[in-house]
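Enquirer: how would this look folded up:
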Amino acid sequence: MSDDSCVGVLPLTEWIRREGKICRPCVLPVLASWYLSELEERGNKEHGDMIRRLAEKVNLSPEELAGELDNIKTLVKDPQLVARLREFDCSIQKNE
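Expert: The predicted model follows:
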């Protein structure tokens with residue numbers, strides 16, 4: 001996706017609280033799996049493990065998951081990987 005098409009993409013913590021055309025809490029696990037795949041593909045085990053631990057939590061709210069995914073983007077040091085994770089956010093938000 002081009003940078004222009006991703007203008008206005010919200011942090012996930014903000015996006016999850018708004019009404020949409022799709023079940024936003026239902027889409028978050030899919031987004032988390034995209035994050036996990038990309039992190040693992042790029043050898044970022046530390047942050048991939050964070051997502052694995054989140055997946056094991058029984059009572060994780062959508063807001064908590066959104067916050068953790070936003071947090072991962074701040075912790076990742078590779079700018080290209082951060083950009084890729086933001087593209088995932090953009091894809092979910094722009095295609096609902």
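Enquirer: which of the residues in the top helix by length along the chain are buried?
Expert: Across the chain, the longest stretch assigned as helix under DSSP state H is helix 24-41. Buried positions in helix 24-41, judged by neighbour count with 16 or more other CB atoms under 10 Å: 24, 27-28, 31-32, 34-36, 38-39. Quick note: C-beta positions are derived from backbone N, CA and C, even for glycine.
Enquirer: and those residues, which two are the farthest apart?
Expert: Among the buried residues of helix 24-41, the pair separated by the greatest distance (CB to CB) is 24 and 39, at 21.9 Å.
Enquirer: before we move on, which element is the residue nearest to residue 96 when sequence neighbours are not counted in?
Expert: Nearest non-adjacent residue to residue 96, counting by CB to CB, 6 or more residues apart in numbering: residue 22, 4.4 Å away. Taking DSSP states H and E as the definition, one finds residue 22 inside no helix or strand.
Enquirer: give me the number of residues near residue 22?
Expert: 11 (other CB atoms under 10 Å).
Enquirer: Packing partners of the host helix or strand of residue 88?
Expert: Assigned by DSSP H and E, residue 88 belongs to helix 79-94. For helix 79-94, the contact count by 3 or more CB pairs under 8 Å, 6 or more residues apart in numbering; DSSP states H and E identifies helix 12-15, helix 24-41, helix 62-75 as packing neighbours.
Enquirer: Show me what counts as buried in stretch 8-28.
Expert: 9, 12-13, 15-16, 24, 27-28.
Enquirer: So what touches that stretch?
Expert: Residues outside stretch 8-28 that contact it (CB atoms under 8 Å, 6 or more residues apart in numbering) are 31, 62-63, 65-67, 69-70, 86, 89-90, 92-94, 96.
Enquirer: Understood, closing this out.
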